[in-house]
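Enquirer: coordinates only, no sequence provided:
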């Protein structure tokens, strides 16, 4: 006789409907593999009158109905947003119900408080669906790599941005054209702001960093830049230099703290992350014991995200039948604190538009020299055009705020036209 | 106050010594993350007189000492081989001790009996270290993808073979030269037989298939071919055709049963598995809900394998504190049976050495035509050499035994010199 577990589903959008459908289609698989039958008892939606592929009896407009039903053991929060979602999760935890959520923004902003409450209530929150869709990165970092100290993680965590940058590189088109293409194919939301401005990936990076390093990095300590300023020109120059441009989440443990940044970044074209194209996600994790590992898969979409929610439901079922391993996140102080944005060290790509006359390179190089910043290579492409010419510098490891100050001085040179374009470069450990 | 868990370690070779060392170095990490302290209470070795980096008091020559110590809750079996390892594991299970093992050959050959006993005793066996070193593929398939029906898995599961094939392709060298290089670099064992003959990878494939499909494929139903017959010539022709040759484990669910094979296989050069070079391992998993995913990392070696053993120890600690999820493997019949070797359908690469005269291709094509087998392309490279010339055929999907019978008839043609070389081709789903 299989154990029945009552599920309350909040939200019936793309992912919510997928979870509902796959819970039905995978009923047999789940029964055989884990001896559990999940029964969706209520589905909370904003508009109960809208026709949906779920029986009307299950629908309710009040999320609190999920909390009040004593037969519901797990609340699945897939409504997104902050206020209502947070109230629902807190209410569920207080009622002793396990929470499964894919709400990356909420966890990244309020993870500290939510997991504090989870621990207080002795109830776990599972959130595999919050990072990288179907890729089991949360479980792998939390459980499989539990003995590792993490040296770094590098992730391509936003499929929309990755699709746009992949198309710019492949087809030689500009940002706007690639975005329009992504929208036409359904790879970009009606409002793609959070995808292309880097914040969707940044929320995921904050969650990964919390898991790896045991504390919540304040969003204000995360450098976040979007892809909307990446030009076709920079994609071409990067390719010439043997790099490609990815919206890369970089998480690194250094002596002075943990650095988290999400920005368009040059990575070597031969690196395995460079071959992650289209809407796929990938995360390279470097642990002191396991060494280099990489996880790759679909980072969004109804099905992959549902797969992670269903995995979490199985986890919840196991927790309901025994002692849960932990509340989903354990705070510790093994790694100290977050590194403020300006203190991070990086290599950079710098593109200037300069007057085509002798002495300009010497002026620019002089400024970086005075700041103690090394230049590893310079490209000044041949050009026959009138007006300013491009000058590309590859900058050695530099402290961000020192580099930025030097850039400011370079920008002020009379021979330098337009604003300089600076991008991070991630060379990876040799 | 942290919970102390007594560990009995059997085997102090490369991996055993690594586990011991990392249990010490990761003590703080494990205490903070899971609130557990592991104490190695006994280390069983064959020769107690050999000097080792472990206190003499811990050493014992009798594996049964691990079973008899009531303070030992987890027995870690890293001695390998069949008889002693099996006795130890069975004794540990009967004594109610959780087992962690990396013994892929033992599980592949006797998984059915061992997990049967584990279930009877109500004690789990964990075996993340048995497949693909540090890559958490067992946990991901068993837990994260628990709701998925698996359509296929494709794995590069033997680092030694992959190093050799990678070098043959990169450096244009022959099999023996590449093997010598691997030996000199410590990437091949003193006796590399199990690595290069495909059986090491086949054992891992049998474990993955058992996990995905719920039953143990008899080794006699697995097609296993080694890389020792792969020639420089075939590596070159494959490259010309847009493929590279990998020792690929292919696991597929079809209407007639589950197919498992490990053999040198042509895969498209643009496929992500083709970029897995050197001693790395990778596994592509295709689930009906999650879609395509890929896991990549170091598949062997002291540290990556230790990372997996330590992850399993954490799993064991959780199980000792609550109800274990399951005994490590759950039998079910959702997928039916294993497909006998000859019944599998595949594309093939066929290289013949033929007399350079008109009519030969017609004869060969005629034989395949009569057998109802389609030829998708033919290459007859220009050559100025005397004697037989190469003729390469790419064969459409064919039933293995039908293809092999046709090959036999082709081999018997007077114009065909030498034995034909046939390799599987994996085109992957579009």
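Expert: Received, thanks. Everything numeric here is computed off the predicted structure, so don't read it as measured data.
Enquirer: residues from the stretch 1-150 of chain A in reach of chain B?
Expert: A:22, A:26, A:28-30, A:32-34, A:128, A:134-136, A:139-140, A:143-149 (C-beta under 8 Å from any C-beta of the partner chain). For every residue, glycine as well, the C-beta is placed using N, CA and C.
Enquirer: now list the buried members of those.
Expert: For the residues of the stretch 1-150 of chain A next to chain B, a burial check counting by 16 or more other C-beta atoms under 10 Å in any protein chain shown picks out A:22, A:26, A:29-30, A:33-34, A:128, A:134-136, A:139-140, A:143-149.
Enquirer: among these, which lie within helices?
Expert: A:22, A:29, A:30, A:33, A:34, A:139 (DSSP state H).
Enquirer: hang on, isn't residue A:403 packed against residue A:397?
Expert: No - taking contacts as C-beta atoms under 8 Å, residue A:403 lies outside contact range of residue A:397: 9.6 Å.
Enquirer: tell me, what's touching these two both at once?
Expert: Common contacts of residue A:403 and residue A:397 (C-beta atoms under 8 Å, 6 or more residues apart in numbering or on different chains): residue A:346.
Enquirer: more neighbours: these two, which one.
Expert: residue A:403 (23 against 14; other C-beta atoms under 10 Å in any protein chain shown).
Enquirer: and the pLDDT for the more buried one?
Expert: pLDDT recorded at residue A:403 is 97.
Enquirer: tell me the contacts of it?
Expert: A:346, A:348, A:371, A:373, A:395, A:422.
Enquirer: could you look up the SS state of it?
Expert: helix (DSSP: H, G, I helix; E, B strand; the rest coil).
Enquirer: pLDDT below threshold where in chain A?
Expert: Applying pLDDT under 70 to chain A flags residues A:1, A:323-325, A:429-430.
Enquirer: where is the longest helix in it?
Expert: helix A:302-321.
Enquirer: which other helices and strands does that helix contact?
Expert: strand A:3-10, helix A:14-25, helix A:27-34, strand A:36-44, strand A:72-77, strand A:98-101, strand A:125-126 (3 or more C-beta pairs under 8 Å, 6 or more residues apart in numbering or on different chains; DSSP states H and E).
Enquirer: contacts for stretch A:411-422, please.
Expert: Contacts of stretch A:411-422 (C-beta under 8 Å, 6+ apart): A:229, A:231, A:234, A:348-355, A:357, A:359-360, A:363-364, A:367, A:387-388, A:403-404, A:407, A:410.
Enquirer: tell me how far it lies from the chain's centre.
Expert: Offset of stretch A:411-422 from its chain centre (C-alpha atoms, centre = their mean, to the nearest Å): 32 Å.
Enquirer: show me what contacts residue A:8?
Expert: Residue A:8 neighbours (C-beta under 8 Å, 6+ apart): A:40-44, A:65-67, A:69, A:72, A:74-76, A:92, A:97.
Enquirer: how about it: which residues does it bridge to?
Expert: residue A:42, residue A:75 (DSSP bridges).
Enquirer: ok, now how distant is it from residue B:317?
Expert: 31 Å (C-beta to C-beta, to the nearest Å).
Enquirer: likewise residue A:387?
Expert: For residue A:387, the distance to residue B:317 - C-beta to C-beta - is 67 Å.
Enquirer: the two: which is more packed in?
Expert: Higher neighbour count among residue A:387 and residue B:317: residue B:317, with 23 against 9, using other C-beta under 10 Å.
Enquirer: leaving out sequence neighbours, find the closest residue to the more buried one.
Expert: Closest residue to residue B:317 apart from its sequence neighbours, by C-beta to C-beta, 6 or more residues apart in numbering or on different chains: residue B:36 at 4.4 Å.
Enquirer: which parts of the strand or helix carrying residue A:369 are buried?
Expert: Per DSSP states H and E: residue A:369 is located in helix A:360-370. Buried residues in helix A:360-370, counted by 16+ other C-beta under 10 Å: A:360, A:361, A:364, A:367, A:368.
Enquirer: partner strands of the helix or strand that it is followed by, parallel or antiparallel?
Expert: Later in the chain than helix A:360-370, the nearest helix or strand by DSSP H and E is strand A:375-379. Note on strand A:375-379: by DSSP bridges, its sheet partners are strand A:389-399 (antiparallel).
Enquirer: run the chain-centre distance for the strand it pairs with.
Expert: That offset, for strand A:389-399, works out to 27 Å (C-alpha atoms, centre = their mean).
Enquirer: residues of the stretch 251-400 of chain A that sit close to chain B?
Expert: A:272, A:275, A:287, A:289-298, A:301, A:303-304, A:306-308, A:310-311, A:313-315, A:318, A:321-326, A:330, A:332-334.
Enquirer: hmm, which of these are the buried ones?
Expert: Buried, going by 16+ other C-beta under 10 Å: A:272, A:275, A:287, A:289-298, A:301, A:303-304, A:306-308, A:310-311, A:313-315, A:318, A:321, A:324-326, A:330, out of those.
Enquirer: what about stretch A:167-182, start to end distance?
Expert: 9 Å (C-alpha to C-alpha, to the nearest Å).
Enquirer: correction: the previous question concerned stretch A:118-137.
Expert: Start-to-end, stretch A:118-137 (C-alpha to C-alpha) is 21 Å.
Enquirer: dig out what the nearest residue to residue A:377 once chain neighbours are set aside forms beta bridges with.
Expert: Distance criterion C-beta to C-beta, 6+ apart; nearest residue to residue A:377, sequence neighbours excluded, is residue A:394 at 4.5 Å. Beta-bridge pairing of residue A:394 under DSSP bridges involves residue A:349, residue A:377.
Enquirer: show me the strands in the stretch 201-350 of chain A, by range?
Expert: A:222-224, A:243-254, A:257-268, A:280-287, A:291-298, A:345-354 (DSSP state E, counting those that start in this stretch).
Enquirer: ok so, going back, can you put the contacts of residue A:403 in JSON lines and add distance to residue A:193 and neighbour count?
Expert: Below are those laid out as JSON lines (distance: C-beta to C-beta, whole Å; neighbours: other C-beta atoms under 10 Å in any protein chain shown):
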{"residue": "A:346", "distance to residue A:193": "26", "neighbour count": "24"}
{"residue": "A:348", "distance to residue A:193": "26", "neighbour count": "22"}
{"residue": "A:371", "distance to residue A:193": "35", "neighbour count": "17"}
{"residue": "A:373", "distance to residue A:193": "34", "neighbour count": "21"}
{"residue": "A:395", "distance to residue A:193": "30", "neighbour count": "21"}
{"residue": "A:422", "distance to residue A:193": "23", "neighbour count": "21"}
